[in-house]
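Colleague: What would the 3D arrangement of this be:
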Amino acid sequence: MQDISEYLVKNKERFISELIHLLKIPSVSADPVYSQDVINASEAVMASLLEAGCDTAEICETNGYPIVYGEKIINPELPTVLVYGHYDVQPADPIDLWNSPPFEPVIKTTDIHPEGAIFARGACDDKGQMYMHVKALEFMVKTNQLPCNVKFMIEGEEEVGSENLGTFVAENKEKLANDIILISDTGMIANNVPSITTGLRGLSYVEVEVTGPNRDLHSGLYGGAVANPINVLTKMIAALHDENNHITIPGFYDKVEELSKEEREEMAKAPFSLENYKKALDINAVYGEKGYTTNERNSIRPTLDVNGIWGGYIGAGAKTVIASKAYAKISMRLVPHQDWKEITELFKTHFESLAPEGVTVKVTPHHGGQGYVTPIDNNAYKAASKAYETTFGKTPIPQRSGGSIPIVSLFEKELKSKTILMGFGLDSDAIHSPNEHFGIWNYLKGIETIPYFYQYFAELSK
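Modeller: Sure, this is the predicted structure:
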């Protein structure tokens, strides 16, 4: 294949400028205030696919936000790669913790990114990583080197659970038919330590509501005489873990796979500095389930975390009330074999049982998905590994991720396709957090590496 380096040098500024334009669109799918912006982002993605060389691209309507579909079919007899990504982004809150406005992208240098990083919501998750594939296709089409067929499915509801994607996939199996699915919505260990994600955790996300008296009460007149929903909620949440940070929900661990000593030893070979980890987060100690290392806790073990909690008065000054209601949002990251719907029901039953008399509890499931483990002995993984070897000069390390991409297991069920997860972000890129960013080096390295995946996958598929 013709070296892509010259093409990258020539088009670097344009590639960065185009991504910045996309990042300026506040496509926050969770907030209806941004609904038109989400639509605008879908139209921008469709236009970019056509400009990159897709034969056709279209906006496919759903009951929620649209899915952008595009394809470049050069020969039906050749293998077909389906690229999945998403154009929606997380809410930017809390805004006051951003060092620059989240939808006004800026380039700054950092210790990790001396060549600069683009700071903006969605820079890494997932606009920057999705757009790498658009530009990789552009290179292959413009230089007449595309060795296989490529399809794109870019959705606008990933950050809110991909509610309508399942229906779309089930109704469009022929359109989406492929030999392998390629996703860049994960990361790698370090810029000098490439890795391929081989496992994802599942997810169960719920909201809980605890109700006490029928109205907010004066804490002097009623304090100590009626149940305080906020006090009760915090006790119930505390009871969800024991002294070893083991989750107390009955049946929660019944299907959790215990990795062998040999597998855990292989995982431990990945470079990791606990001191650097603590320093980067400004903490003096790590915390988690007893008996497991930090990297095991955040990848091969299930978790339960409170993502938000509120109730009562939180304005300026004081207001002495006992709130009528208290709320929390709780997510559980699950490992392969744990069924998210089953776990949600186990949580609901257990959480309701923790409530004392004097309050009522409501558990509302939001969304979820299954975990996934991808094989490392198929042609697609071998092609991905060889692509990294070509551009990084070293073999990538297979690594399980703590994150969740629930639709990966859906793809395998509906399309009978395996997925390769070629991520180019870093843990330090602050996805879902203030000051999210994506290294320019990483962005360009992804554009450089992806074409080699197509080349090697086509060769190995012959």
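
Colleague: quick one: Leu78 is in a strand?
Modeller: No - checked against DSSP: H, G, I helix; E, B strand; the rest coil, Leu78 lies outside a strand; its state is coil.

Colleague: I'd like the distance between the residue lying closest to it once chain neighbours are set aside and Thr349.
Modeller: Nearest residue to Leu78, sequence neighbours excluded (Cβ to Cβ, 6 or more residues apart in numbering): Cys148, at 4.9 Å. In short, each C-beta sits where N, CA and C put it, glycine included. Separation of Cys148 from Thr349 (Cβ to Cβ, to the nearest Å) stands at 49 Å.

Colleague: hang on, the earlier thing: contacts only, for the residue nearest to Leu78.
Modeller: By Cβ atoms under 8 Å, 6 or more residues apart in numbering, the contact set of Cys148 is 74, 78-81, 454, 457-458, 461.

Colleague: Regarding the chain, what is its longest helix?
Modeller: Looking across the chain with DSSP state H, the single longest helix is helix 440-460.

Colleague: got the buried residues for the helix or strand in which Gly166 is found?
Modeller: Secondary structure from DSSP states H and E places Gly166 in helix 165-171. Neighbour counts over helix 165-171 (16 or more other Cβ atoms under 10 Å) mark 165-166, 168-169 as buried.

Colleague: so what secondary structure elements neighbour that helix?
Modeller: With contacts taken as 3 or more Cβ pairs under 8 Å, 6 or more residues apart in numbering; DSSP states H and E, helix 165-171 sits against helix 407-415.

Colleague: How about residues contacting the helix it packs on?
Modeller: By Cβ under 8 Å, 6+ apart, the residues outside helix 407-415 that reach it are 82, 84, 158, 162, 165-166, 169-170, 173, 176-178, 181, 183, 200, 202, 369-372, 417-419, 421.

Colleague: So which bits of it are buried?
Modeller: Within helix 407-415, the residues that count as buried by 16+ other Cβ under 10 Å are 407-412, 414-415.

Colleague: And for stretch 16-32?
Modeller: 16, 18-20, 22-30.

Colleague: Kindly report the same for stretch 424-434.
Modeller: 424-426, 428-431, 434.

Colleague: Likewise for stretch 327-344?
Modeller: For stretch 327-344, a neighbour-count test (16+ other Cβ under 10 Å) marks 327-336, 338-340, 343-344 as buried.

Colleague: can I get the CA coordinates of that stretch in CSV?
Modeller: The C-alpha trace of stretch 327-344 is given here as CSV (Å, rounded to 0.1, in the frame of the first residue of the first chain):
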residue,chain,number,x,y,z
TYR,A,327,-33.0,10.6,44.4
ALA,A,328,-29.9,8.8,43.0
LYS,A,329,-28.6,7.5,39.7
ILE,A,330,-26.7,4.2,40.0
SER,A,331,-24.8,2.3,37.4
MET,A,332,-23.5,-1.3,37.5
ARG,A,333,-20.7,-2.3,35.2
LEU,A,334,-21.0,-6.0,34.4
VAL,A,335,-18.7,-8.7,33.2
PRO,A,336,-19.4,-11.2,30.4
HIS,A,337,-22.2,-13.8,31.3
GLN,A,338,-24.0,-11.3,33.6
ASP,A,339,-27.3,-10.5,32.0
TRP,A,340,-28.1,-6.8,32.5
LYS,A,341,-31.8,-7.3,32.7
GLU,A,342,-31.4,-10.0,35.3
ILE,A,343,-29.0,-7.8,37.3
THR,A,344,-31.5,-4.9,37.1
